[in-house]
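> 3D, please:
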Amino acid sequence: MTRLLAASLALALLAGSPAAAESDQEAESFIRSLAEKILRLREDKAGEAREKVLMELLVKNISLSRVSRFILGPYARDMDKETRKAYKELLPEFVSKVYVRRLLTYEGEVSLEVTKSVRKGRRGREAIVYSMATVENFDEPIQIQWWLLRDREGSYKLFDINLNGFWAAQWQRAEFVSQLRKSNGDFAQLMATMRAQIGGAAAPSPPGVSAPPPAAPAAPAAPSAAQP
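From the prediction side, this is the model:
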């Protein structure tokens, strides 16, 4: 009896351990494809063209309806229809210029490797994809987790990103809710802050998002050496 009980307990622990969690190849393929498209922009596009393509990419692959509600916290239900429309139109540009723009401005090579995935939730409509980004001039790789949700059609969409232990959407929710609380729910003021950050005003960074390191100074050219 004791051996049977011990064996049952061991099997239960194994079944509940992260190592035994079911992986999701569809989720992993989604992230590989999305990351490849974002990184390709670094080489293929520049300036306004790159920003335009990036926003189109985000609109297509992010669960904007869920993210837009989540980061407003309890204030989401207080937003009228017209204000909600303006806010949702502003959000993709805010995400692309305040968050993803950092990635596109890193100096040197950037690569991303998907390491594993875990299905999340009882209905199997969520997944966490684990990856590691290697950035030239960075001492350590960046650990990234991607939280995916299925939409009504069953396709995966991005909901949140964890950078070195900090979830970006949850951090942004804390920032937005704090501002709305201080302004008594003034959405016009919130969107003015978003536009200022889009325009290049200093924006607070999520703890896991580092600014690109400065490029190394160019070595002086040899007196008679040909430039490469």
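> quick one, what contacts the residue lying closest to residue 72 once chain neighbours are set aside?
Distance criterion Cβ to Cβ, 6 or more residues apart in numbering; nearest residue to residue 72, sequence neighbours excluded, is residue 176 at 6.0 Å. Any C-beta I mention is one placed from the backbone N, CA and C, and that applies to glycine too. Going by Cβ atoms under 8 Å, 6 or more residues apart in numbering, residue 176 touches 71-73, 75, 190.
> quick one, helices of the protein?
Under the criterion DSSP state H, the chain contains helices at 2-16, 25-44, 47-61, 64-70, 81-95, 101-104, 168-182, 187-198.
> Would you convert those helices into TSV that also reports mean pLDDT?
What follows is those, written out as TSV (pLDDT from 0 to 100):
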stretch	mean pLDDT
helix 2-16	40
helix 25-44	89
helix 47-61	81
helix 64-70	92
helix 81-95	91
helix 101-104	62
helix 168-182	95
helix 187-198	94
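> out of those, nearest to residue 151?
helix 64-70 (8.8 Å; Cβ to Cβ).
> dump the residue contacts of the closest residue in space to residue 62 that isn't next to it in sequence.
Excluding the flanking residues, the one nearest residue 62 by Cβ to Cβ, 6+ apart is residue 158, at 4.8 Å. Taking Cβ under 8 Å, 6+ apart as the contact definition, residue 158 lies against 34, 61-63, 146-148.
> From those, pick the one nearest residue 163.
Closest to residue 163 out of these is residue 146 (10.4 Å), distances taken as Cβ to Cβ.
> now the closest one: how far from residue 38?
Taking Cβ to Cβ, to the nearest Å as the measure, residue 146 falls 12 Å from residue 38.
> Any idea how many residues pack against residue 89?
11 (other Cβ atoms under 10 Å).
> In this structure residue 111 contacts residue 131, no?
No - judged on Cβ atoms under 8 Å, residue 111 makes no contact with residue 131 at a distance of 10.3 Å.
> Who has more neighbours out of these two?
Set residue 111 next to residue 131 and count neighbours by other Cβ under 10 Å: residue 131 wins out with 21 against 12.
> ok, what's across the strand from that one?
Beta bridges link residue 131 to residue 114, residue 144 when assigned by DSSP bridges.
> Repeat that for the one 4 residues further on.
Residues found in beta-bridge contact with residue 135 (criterion: DSSP bridges) are residue 110.
> Same list, the helices of the chain, but as CSV with distance to residue 141 please.
Output for the helices of the chain, formatted as CSV (distance: least, Cβ to Cβ, whole Å):
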stretch, distance to residue 141
helix 2-16, 29
helix 25-44, 14
helix 47-61, 23
helix 64-70, 26
helix 81-95, 23
helix 101-104, 14
helix 168-182, 18
helix 187-198, 27
